[in-house]
Structures are given as structure tokens and as C-alpha cells.
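1. Only the shape, not the letters, is given here:
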């Protein structure tokens with residue numbers, strides 16, 4: 001079945017919008033899921049996750065920018081990052097950051113308005129493929145009160161190997 005000549009430029013434009021940012025290493029928003037928390041009435045609700053550059057390069061300091069909102073003030077807490085490749089669990093990372101002391105949020109204490117959280121991430125290792133990773137980011141207040149939980153998947157590439165092949 002032939003595509004009409006009028007639809008070909010539109011199809012090329014749509015393909016460029018989806019693949020060009022990843023090919024150039026530009027940032028992108030990723031799909032995410034707000035998961036269950038210990039105290040839903042104190043929930044920090046994530047509204048967006050921005051990764052730049054995308055895919056994330058291995059062995060370099062990168063930041064994952066999370067925009068979230070809450071209805072209460074936060075004065076202390078720690079962010080926990082757990083990430084690893086899927087389906088093979090390669091290059092696992094577990095990091096903890098103090099919310100206010102490590103300049104993780106833009107303003108501290110956090111007031112009941114939208115907030116921006118910057119999570120630094122460095123994934124060590126080497127890989128010949130562009131590989132998918134899974135991440136879980138938590139906010140823990142007062143030792144065990146989990147008030148934020150978000151999970152998402154993202155791509156990681158090795159700058160030394162630029163094959164662009166996605167590993168299965």
C-alpha cells in the first residue's frame with residue numbers, strides 16, 4: 001500500500017520529532033509512575049521527570065530533574081536513588097542525599113508549592129549497547145516516613161561506544 005505524496009513529509013516530521021532528540025543527545029521528559037507511600041496525606045506528588053542529556057552517558061555526572069508538588073512544608077529528609085539496567089541487573093547504583101544539605105532542592109525548607117528536585121547520578125561500567133535502566137527515587141522523612149516514591153525507565157549509553165544499538 002503506497003503512502004500518498006502529501007503524507008510523506010508529515011511522516012518524516014513525526015519520525016524526526018521522536019528520534020532526533022535521542023540521536024543528538026538532547027534532554028527529554030520520561031514516563032513515570034508515582035508509587036505507594038507510607039503517609040498518603042503527606043504525599044509529594046511528582047508531576048514531571050526531565051533527563052538531560054538523553055540517553056544518559058555512563059561514567060559522567062548527570063542530573064535527573066524532578067518537578068513535584070506538595071501541600072505541606074518539608075524541613076528535612078533524604079532522597080534515595082536506586083537504579084540498575086534491565087532485564088540484566090548491571091551497574092547497580094544506590095545513593096542517598098540529604099534534601100536540604102546537599103542542595104538537592106532549589107529552595108529549602110520546601111514550602112507547600114511546586115518544587116524542583118535535582119538528583120545527581122553517576123553510573124559506572126562499560127557497555128557496547130544503549131541499554132534501558134530502571135530507577136526508583138524515594139523521599140524519606142523522620143527515619144521511616146516515606147512521602148515520595150517514583151519509578152521510571154530511561155536509556156543509558158556509553159560515550160566510548162557509539163553504535164546506537166539498543167540491547168534487547
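-> Happy to help now that I have it. Remember, predicted model here, so these are calculated numbers, not experimental data. Numbers count the residues shown, from 1 in each chain.
2. low-confidence ranges in this structure?
-> 1-25, 162-168 (pLDDT under 70).
3. Of all residues in it, which one is nearest the centre?
-> Geometric centre of the chain, nearest residue: residue 64, 4.9 Å, by Cα atoms, centre = their mean.
4. in which helix or strand would I find that residue?
-> Element membership of residue 64, judged by DSSP states H and E, is strand 62-69.
5. Buried residues, that strand. List them.
-> Using 16 or more other Cβ atoms under 10 Å as the burial criterion, the residues of strand 62-69 that qualify are 62, 64-66, 68. The way it works is simple: take the backbone N, C-alpha and C, and place the C-beta from them, glycine included.
6. Excluding sequence neighbours, find me the nearest residue to the residue nearest to the centre of the chain.
-> residue 119 (4.6 Å; Cβ to Cβ, 6 or more residues apart in numbering).
7. my read: the one you found touches residue 97, true?
-> Yes - with contacts counted by Cβ atoms under 8 Å, residue 119 reaches residue 97, the gap being 7.0 Å.
8. now the strand holding residue 64, how far from the centre of its chain.
-> Relative to its parent chain, strand 62-69 has a centroid offset of 7 Å by Cα atoms, centre = their mean, to the nearest Å.
9. Please name every helix or strand in contact with that strand.
-> strand 45-52, strand 115-121, strand 131-141 (3 or more Cβ pairs under 8 Å, 6 or more residues apart in numbering; DSSP states H and E).
10. one more time with 10 Å
-> Under the contact criterion of 3 or more Cβ pairs under 10 Å, 6 or more residues apart in numbering; DSSP states H and E, strand 62-69 touches strand 45-52, strand 56-57, strand 78-85, strand 115-121, strand 131-141, strand 145-157.
11. And the residue nearest to the centre of the chain, how far from residue 145?
-> 23 Å (Cβ to Cβ, to the nearest Å).
12. ok, now which ones touch residue 68?
-> Taking Cβ atoms under 10 Å, 6 or more residues apart in numbering, we find residue 68 in contact with 34, 43-49, 105, 110, 114-117, 139, 148, 150.
13. So for stretch 116-133, what gets flagged as buried?
-> Buried residues in stretch 116-133 (16+ other Cβ under 10 Å): 117-119, 121, 123, 127, 129-133.
14. and if you look at stretch 135-155?
-> For stretch 135-155, by 16+ other Cβ under 10 Å, it's 135-141, 146-150, 152, 154-155.
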